[in-house]
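> below: sequence and its predicted model.
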Amino acid sequence: LTDEEHASISTGLGTVRKEFASGEFIFQPSDEDIHTAVERRLSELIGAAAGKLHTGRSRNDQVATDFRLWMLQAIPELTSALNNLQTALVEQAELAGETIMPGYTHLQRAQPILLGHWWLSHYWALKRDVERLQDLTKRVSVLPLGSGALAGAPFALDRDALAKSLGFAEVSQNSLDAVSDRDFAAEYLFVCSMASVHLSKLAEQIVLYTTAEFGFFELSDAFSTGSSLMPQKKNPDVFELTRGKAGTMIGLLTGLMSTLKGLPSTYDKDLQEDKAPVFQATDTLLSILPVMAAALRTITVKSERMRGAIDSTMMATDLADYLVEKGVPFREAHSLAGKVVRAAGEAKVRMEELPLEAYQAISPVFEADVYQVFDPLESINKRNTVGGTSLQSVKKQIKKIKGE
């Protein structure tokens, strides 16, 4: 390029960019794709010099570059939306204080936990999604431009300078791989799918906990709908739709992986199938995440209902631990605690209502202090290790999250 041609092309491209930004760009039936459309319009503006625009380039390396540039912009946007939902979860955890609830395994009441601990369990899952996005960035930030159609460019291109000017961290090292590589797109879809699975898990629990059978939460009217037939209904549509989208997201990932698995050469037209699922996944998450965050911020916690769902059988493990503290091997202690559970069931009383004589008939190790075991808050606060459900441990989680 002469200095005059360079200036002309640069000015012309600036005009084309403004036309796109303002919506004034007019596509023609002769335009094969976005690349030829730009070149055709540039030719109309500056003449023959526009024909030099494509020197040393191919649509193969151009589109791969465009896709990566787009993703480098999408990752921070998606990260921000995930962070907003994480903030909503932390806010709810702080508001929960000493509110206790049943913890579940196999959807059976297991042990008492703090509500704040439950909220934060979803925070940490999303944190892994954010970390995966951040880690992915380094694999997206590899410049393929300069690879040509497949064999590289015959001109002395300074690809390192080009990478720096476009904001890439490094350049691709093999032209064949560079134009065919869509690992970053598949990995991006995996991260989106994994995030959707985490959102679906949260949504499913909210759906359950807002039922009359549980009654732990009540949704704001702004984030629920009524039935078209039954006036008493308050449906958790936001959360059901979120749960449903997880299947769609997994399908997008599976579809792209199926497309990639049998491509025979560096570039094949099949690769046009890479963008639609990535764009759809991004649009879906960016629609879901702010609504989920807003819905969680307006949820009403029914703490008395949660507390009422806790009974002394949920402290059976504490009963075994009580025996362990008195020197009984855990396996034996577990068996003895099970006998207490059965004795209470046969007597049709709660475990704390069994007389001391009944306990000592099972094992003389039981003493009068056994009844202290059945305080659920005491049970919770005993679990004071890092990552435990105690109030102190939950406060430490929040402190770590906030970097204090």
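Arrived safely. Numbers count the residues shown, from 1 in each chain.

> right, and the helix or strand after the strand or helix carrying residue 344?
Using DSSP states H and E, the element containing residue 344 is helix 330-347. Next helix or strand after helix 330-347 toward the C-terminus (DSSP H and E): helix 356-362.

> list the buried residues of that following helix.
358, 359, 362 (16 or more other Cβ atoms under 10 Å). Where C-beta positions appear, they are placed from N, C-alpha and C, glycine not excepted.

> what does it contact?
Contacts to helix 356-362, defined as Cβ atoms under 8 Å, 6 or more residues apart in numbering, come from residues 336, 339, 340, 343, 347, 366, 367, 368, 370.

> distance of the fourth one relative to residue 208?
Pointing back at residue 343 there. Noted for residue 343: a distance of 32 Å to residue 208, by Cβ to Cβ, to the nearest Å.

> ok so, going back, in TSV: the buried residues of helix 356-362, plus distance to residue 121 and pLDDT.
Compiled in TSV, the buried residues of helix 356-362 are given as follows (distance: Cβ to Cβ, whole Å; pLDDT from 0 to 100):
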residue	distance to residue 121	pLDDT
358	37	93
359	34	92
362	35	94
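
> the residue most distant from the middle of the chain, which is it?
The outermost residue of the chain relative to its centre, with distances by Cα atoms, centre = their mean, is residue 357 at 52.7 Å.

> any idea which helix or strand carries residue 151?
With DSSP H and E as the test, residue 151 turns up in no helix or strand.

> no no, residue 102
Here residue 102 is assigned to strand 100-105, by DSSP H and E.

> now the angle between strand 100-105 and the helix or strand just after that strand, please.
Next helix or strand after strand 100-105 toward the C-terminus (DSSP H and E): strand 108-114. Interaxial angle of strand 108-114 relative to strand 100-105 (axes from the mean of the first three to the mean of the last three Cα atoms, to 10 degrees): 140 degrees.

> mind listing what's buried in the helix or strand just after strand 108-114?
Next in sequence after strand 108-114, counting helices and strands by DSSP H and E, comes helix 115-140. Residues of helix 115-140 classed as buried by neighbour count (16+ other Cβ under 10 Å): 115-123, 125-126, 129-130, 132-133, 136, 140.

> ok, then the element right after helix 115-140?
Per DSSP H and E, the first helix or strand lying C-terminal to helix 115-140 is strand 142-143.

> what about the helix or strand just after that following strand, distance to the chain center?
Heading C-terminal from strand 142-143, the first helix or strand you meet, by DSSP H and E, is helix 159-166. Centre-to-centre, helix 159-166 and its host chain are 32 Å apart (Cα atoms, centre = their mean, to the nearest Å).

> for the strand holding residue 102, output the C-alpha coordinates as CSV.
C-alpha atoms of strand 100-105 as CSV (Å, rounded to 0.1, in the frame of the first residue of the first chain):
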residue,chain,number,x,y,z
ILE,A,100,-32.4,-22.6,60.3
MET,A,101,-33.8,-25.1,57.8
PRO,A,102,-33.7,-28.8,57.1
GLY,A,103,-30.9,-30.0,54.9
TYR,A,104,-31.7,-32.8,52.5
THR,A,105,-30.1,-35.8,51.0
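
> and that strand, which strands flank it?
strand 108-114 (antiparallel) (DSSP bridges).

> average pLDDT across the partner strand?
Strand 108-114 carries an average pLDDT of 95.

> buried set for stretch 144-157?
144, 145, 146, 147, 148, 150, 152, 153, 157.

> mind checking how far that stretch is from the chain centre?
What separates the centre of stretch 144-157 from the centre of its chain is 37 Å, taken as Cα atoms, centre = their mean.

> list the contacts of it.
55-58, 60-62, 64-65, 68, 159, 162, 166, 171-172, 175-176, 178-179, 181, 265-267.

> need the buried ones from those selected in PyMOL.
Of the contacts of stretch 144-157, the buried ones go into a single PyMOL selection, burial set by 16+ other Cβ under 10 Å:
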select buried, resi 57+58+60+61+62+64+65+68+159+171+172+175+178+179+181+266+267
